[in-house]
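In: Need a 3D model of the sequence below.
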Amino acid sequence: MVNQLAYRFRNATAAALEPLGITPPELRLLGLIAADQPLTQAQLSMRSGFDRTSTMRQLDELQRRGLVSRETRPTDRRAHDVVLTPAGQTLLAVASVRAAAVEAEILAPLAAADVERLFAIMSALGAPHVKLCPDPEPPEKETE
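Out: Next comes the predicted model:
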């Protein structure tokens, strides 16, 4: 049952992202970079759960497309920091909205409390929910 739900999420998310030319794993990397940049390539591999070879291959593609840049870390010339470019930030914003819409559609049958409980259970099992798009800013209160 968990595999079927994961399969449904993966396929629906991939279909939503395809017009943008990005895959769900690439979106995950962009989201992780945005959340805590700069990250070294090794840190990104560990946080993503992807093996180093896959991470490097995906970073090569993201860099080729101008979505990330890699710079030698000043304190350790063997390490490379990865940061989002402005194009990467823009794509992340658009792709995150699409991925969140897929998630909302699939989880729509659940009450809000059940969704929170689901994320808590997944987190307890070692699968933390990675927020792809930030919560909207609360409206500014008018001053009198």
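
In: out of all of them, which strand in the chain is the longest?
Out: Determined from DSSP state E, the single longest strand within the chain is strand 76-84.

In: Who are the packing partners of that strand?
Out: Under the contact definition 3 or more C-beta pairs under 8 Å, 6 or more residues apart in numbering; DSSP states H and E, strand 76-84 sits against helix 24-35, strand 39-40, helix 41-48, strand 68-73. Placement of C-beta: from N, CA and C, glycine included.

In: what mean pLDDT does the helix or strand that comes right after that strand have?
Out: Per DSSP states H and E, the first helix or strand lying C-terminal to strand 76-84 is helix 86-107. Here helix 86-107 scores 94 as its mean pLDDT.

In: So for helix 86-107, what gets flagged as buried?
Out: By 16 or more other C-beta atoms under 10 Å, the buried positions in helix 86-107 come out as 88, 91-92, 95-96, 98-99, 102-103, 107.
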